[in-house]
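[1] Provided below for reference: sequence and predicted model.
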Amino acid sequence: MTILKDAHSQFRNFQTYKESDINFFVLLLENPKSPFNLTGVTDLYKYDFLHIILNRGMEIRDKALVIGFTMGNSKLSNGFIKWLYILCARWLYPTGCRFSEDDVKEYNRGYYYGSTRRRRNIHLEDFDINDDLSVIRKKFGINIIDLKDYPNLSTF
């Protein structure tokens, strides 16, 4: 049994965890308070939870899968938004944030997986930090065995 609060505490101790140094252009598209944000975005605190729930670390490929999952899981998402995000992440994001070809594949895997979950709009969920991860995953139809073929840094 792993409680979200405990997992989050461990997650923030990863060497690759960074809360600052987020590029302005990235914030423009991925910050829910930005007038130019895309579907499926949420605040950094919830993104941490989603990384944990999806059993992912903090490398670019992990971020690609998580944002792909939330965008694919959003009721408002569509092919144009997906294309626009890939264009920006692949070609316009600065070095260090920019997606490689493999990162785009991770994004697409996450997008597809998110779009196939019955429960939608996980990015809007107010998670109870005292819930067990298995309960949260079951609620959203997330089976980490489905994600096992993805490399990850997480142990949750």
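    Yep, that arrived.
[2] hey, let's count contacts and neighbours off CA atoms from now on
    OK.
[3] Give the next helix or strand downstream of the least confident helix or strand in the chain by mean pLDDT.
    When each helix and strand of the chain is scored by mean pLDDT, DSSP states H and E, helix 24-30 comes last, with a mean of 84. Next helix or strand after helix 24-30 toward the C-terminus (DSSP states H and E): helix 44-53.
[4] who touches that next one?
    Contacts with helix 44-53, where a contact means C-alpha atoms under 8 Å, 6 or more residues apart in numbering, come from 4, 7-8, 11, 19, 57-58, 62-63, 66, 123, 133, 136-137, 154, 156.
[5] and which of the residues you listed is nearest to residue 89?
    Closest approach between these and residue 89, by C-alpha to C-alpha: residue 63, at 11.1 Å.
[6] Now do the closest one: how many residues are near it, please.
    Neighbourhood size, residue 63 [other C-alpha atoms under 10 Å]: 23.
[7] can you check residue 26 too?
    The number of residues packed near residue 26 is 17, by other C-alpha under 10 Å.
[8] likewise residue 1?
    Neighbours of residue 1 using other C-alpha under 10 Å come to 9.
[9] what separates it from residue 135, distance-wise?
    Distance from residue 1 to residue 135, counting by C-alpha to C-alpha, to the nearest Å: 10 Å.
[10] Between the two ends of stretch 89-107, how far is it?
    End-to-end distance for stretch 89-107, by C-alpha to C-alpha: 10 Å.
[11] which residues in the chain form helices?
    Using DSSP state H, the helices of the chain run over 4-11, 24-30, 44-53, 60-73, 79-87, 101-115, 133-140.
[12] looking at these, which is closest to residue 38?
    Of these, nearest to residue 38 by C-alpha to C-alpha is helix 24-30, at 5.7 Å.
[13] picking that back up, okay, the helices of the chain in CSV with distance to residue 38 next?
    Shown next, in CSV, are the helices of the chain (distance: least, C-alpha to C-alpha, whole Å):
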stretch, distance to residue 38
helix 4-11, 25
helix 24-30, 6
helix 44-53, 15
helix 60-73, 8
helix 79-87, 7
helix 101-115, 13
helix 133-140, 21
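[14] Can you tell me which of those helices is most buried?
    helix 60-73 (a mean of 26; mean count of other C-alpha atoms under 10 Å).
[15] from the contacts of helix 44-53, which is closest to residue 97?
    Among those, and counting by C-alpha to C-alpha, the member closest to residue 97 is residue 63, at 9.5 Å.
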